[in-house]
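[1] need the 3D shape of this:
(2 chains)
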2 protein chains.
Amino acid sequence: MHVAIPLYPRFTALDAVGPYTVLAFAPGCTVTFVAAEPGPVTDDRGSLALTATASYADLPAPDVVVVPGGIGTFDVLADEALLGWIRRAHEHTSWTTSVCSGSLLLGAAGLLGGLRATTHWAVLDLLRQYGAEPVSERSVVQGKVVTAAGVSAGIDMALTLLAQARDEETAQTVQLAIEYDPQPPFDAGSPRTAPPGLTDRALHLIV
Amino acid sequence: MHVAIPLYPRFTALDAVGPYTVLAFAPGCTVTFVAAEPGPVTDDRGSLALTATASYADLPAPDVVVVPGGIGTFDVLADEALLGWIRRAHEHTSWTTSVCSGSLLLGAAGLLGGLRATTHWAVLDLLRQYGAEPVSERSVVQGKVVTAAGVSAGIDMALTLLAQARDEETAQTVQLAIEYDPQPPFDAGSPRTAPPGLTDRALHLIV
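    Presented below is the predicted three-dimensional model:
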């Protein structure tokens, strides 16, 4: 199973590295980071570059696509090099997936029409402009299209994906290998549970 | 608050990028990836390089150190360039922390004598050789030394750290910004909860 993760300037690192780690630990799974051109791509914090080892042209037909999000999403919503690659890859994929605002790129590529989909809570309503039905779920499976909520949700999404693409035991084995037994010290990870007033503060951190 | 994350060949990407994302989203926090020499450093899967932008010599006195783990830990347990940097940085830090087998490097640097500490479940007993008392906890705070369990535990550790280094509201705000509301599809992330026989399979994925 060959997984491609496209990188573009100002993506969010954990959006990409969460699913990457889950999938790259799975036996028989190869993950390649792709970009407009091979080389380092810098994230939304400006302090971490991940290396893309292939261009879009180098990897036109991966089995799985995982599109990360980040504030940079809004700069590439009309980037035909990226959107065209997503659209053409989707013709061949077994699974086309996104994390966080990456689902807006699936939408801009024309893949979400009539589907239920999710994204980061801060931009959930924007999915409507692509004909999708926004839903507040951790990950949403619609045929071979899988969208995840914000940033850290990519880990949960990738385990769900692995269970469907392979089998539950493989997903559980990876979960144990990466000791994914989450114990957040607070229950503030969703607007539903966070203390009042925190969403405005959180928005300031994102943009 | 300046955070340094040292990279060495065959580190585990999520060990580094989990805490990185938590801390880099915090206001007033700068994170720098350091290595023996600046440049790309390739992870344990062989398919992802993160760029170190500074050498150890460039950043001798960060406020916080986060040492990631990975199978490559075992190649640098006697690497005096890395261990000496950790040891000298620790004289100045407010917090010296690790994720996964990164705690073995804190131990090899001589920082864990007499302390309770944790690491990935697969190597927990190895902490004893550094005079530490191994404990199965998600993260362990001992004065300014904080160790985390395997791979994904770095996210929980970094939120705990942020709450102590700054305040709980800052940690909760970051948690909401990265939508860290974990909903793993299985309860297999710990040897205590994983189905029987899975630990042997998981070990094969790690080494």
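
[2] what segments of chain A are strands?
    Secondary structure of chain A by DSSP state E: the strands cover A:2-6, A:30-35, A:39-42, A:49-52, A:54-55, A:64-67, A:95-98, A:116-117, A:133-134, A:139-142, A:145-148.

[3] mean pLDDT and distance to B:T193 added to these, as JSON lines?
    To be clear about C-beta, it is placed using only N, CA and C from the backbone, and glycine gets the same treatment. What follows is the strands of chain A, written out as JSON lines (pLDDT from 0 to 100; distance: least, C-beta to C-beta, whole Å):
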{"stretch": "strand A:2-6", "mean pLDDT": "98", "distance to B:T193": "27"}
{"stretch": "strand A:30-35", "mean pLDDT": "98", "distance to B:T193": "27"}
{"stretch": "strand A:39-42", "mean pLDDT": "98", "distance to B:T193": "37"}
{"stretch": "strand A:49-52", "mean pLDDT": "98", "distance to B:T193": "32"}
{"stretch": "strand A:54-55", "mean pLDDT": "98", "distance to B:T193": "38"}
{"stretch": "strand A:64-67", "mean pLDDT": "98", "distance to B:T193": "27"}
{"stretch": "strand A:95-98", "mean pLDDT": "98", "distance to B:T193": "26"}
{"stretch": "strand A:116-117", "mean pLDDT": "98", "distance to B:T193": "30"}
{"stretch": "strand A:133-134", "mean pLDDT": "98", "distance to B:T193": "33"}
{"stretch": "strand A:139-142", "mean pLDDT": "98", "distance to B:T193": "21"}
{"stretch": "strand A:145-148", "mean pLDDT": "98", "distance to B:T193": "23"}
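
[4] what residue of chain A is the furthest out?
    Centroid-distance maximum for chain A: A:P196 at 27.7 Å, with C-alpha atoms, centre = their mean.

[5] could you report the pLDDT at it?
    Looking at A:P196, its pLDDT reads 88.

[6] A:V207 too?
    With respect to pLDDT, A:V207 scores 81.

[7] that older thread, ok, the residue farthest from the centre of chain A to A:I206 distance?
    Look at A:P196 and A:I206: by C-beta to C-beta, to the nearest Å, they are 19 Å apart.

[8] same question for A:G84.
    A:G84 sits 27 Å away from A:I206, going by C-beta to C-beta.

[9] more neighbours: which of those two?
    A:I206 (20 against 12; other C-beta atoms under 10 Å in any protein chain shown).

[10] just give the nearest non-adjacent residue to the more buried one, would you?
    In this structure, A:I206 finds its nearest non-sequential neighbour in B:A177, 5.4 Å apart by C-beta to C-beta, 6 or more residues apart in numbering or on different chains.

[11] can you give me the neighbour number for that neighbour?
    Neighbour count for B:A177, taken as other C-beta under 10 Å: 28.

[12] show me the helices in chain A, by range?
    Assigned by DSSP state H, chain A shows helices spanning A:13-25, A:80-90, A:102-108, A:153-165, A:168-177, A:198-206.

[13] Throw those into TSV and include distance to B:G189, thanks.
    Below are these laid out as TSV (distance: least, C-beta to C-beta, whole Å):
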stretch	distance to B:G189
helix A:13-25	12
helix A:80-90	31
helix A:102-108	24
helix A:153-165	10
helix A:168-177	5
helix A:198-206	26
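
[14] which one of the ones you listed is the most hemmed in?
    Highest mean neighbour count among those (mean count of other C-beta atoms under 10 Å in any protein chain shown): helix A:13-25, with a mean of 29.

[15] quick check: mean pLDDT of it?
    Throughout helix A:13-25, pLDDT has a mean value of 98.

[16] which helices and strands does it pack with?
    Applying 3 or more C-beta pairs under 8 Å, 6 or more residues apart in numbering or on different chains; DSSP states H and E, one finds that helix A:13-25 makes contact with strand A:2-6, strand A:30-35, strand A:49-52, strand A:64-67, helix A:153-165, helix A:168-177, helix B:13-24.

[17] from A:E137, how far off is A:L124?
    11 Å.

[18] who's more crowded, the two?
    Neighbour tally, A:L124 and A:E137, criterion other C-beta under 10 Å: the higher count belongs to A:L124, 18 against 15.

[19] tell me the contacts of the more buried one?
    The contact partners of A:L124, taken as C-beta atoms under 8 Å, 6 or more residues apart in numbering or on different chains, are A:118, A:134, A:136.

[20] and it, how far from A:P191?
    A:L124 is 10 Å from A:P191, by C-beta to C-beta.

[21] then A:T96?
    Going from A:T96 to A:P191 by C-beta to C-beta gives 27 Å.

[22] who has more neighbours out of these two?
    Neighbours per residue (other C-beta under 10 Å) separate A:T96 from A:P191, with A:T96 holding more: 24 against 16.

[23] isn't the more buried one up against A:L106?
    Yes - with contact defined as C-beta atoms under 8 Å, A:T96 and A:L106 form a contacting pair (6.7 Å).

[24] now do the shared contacts for the two.
    Common neighbours of A:T96 and A:L106 (criterion: C-beta under 8 Å, 6+ apart): A:86, A:145.

[25] excluding its backbone neighbours, what's nearest the residue nearest in space to the middle of chain A?
    Closest to where the C-alpha atoms of chain A average out (C-alpha atoms, centre = their mean) is A:V99, at 2.3 Å. Using C-beta to C-beta, 6+ apart and skipping the chain neighbours, the partner closest in space to A:V99 is A:G154 (3.6 Å).
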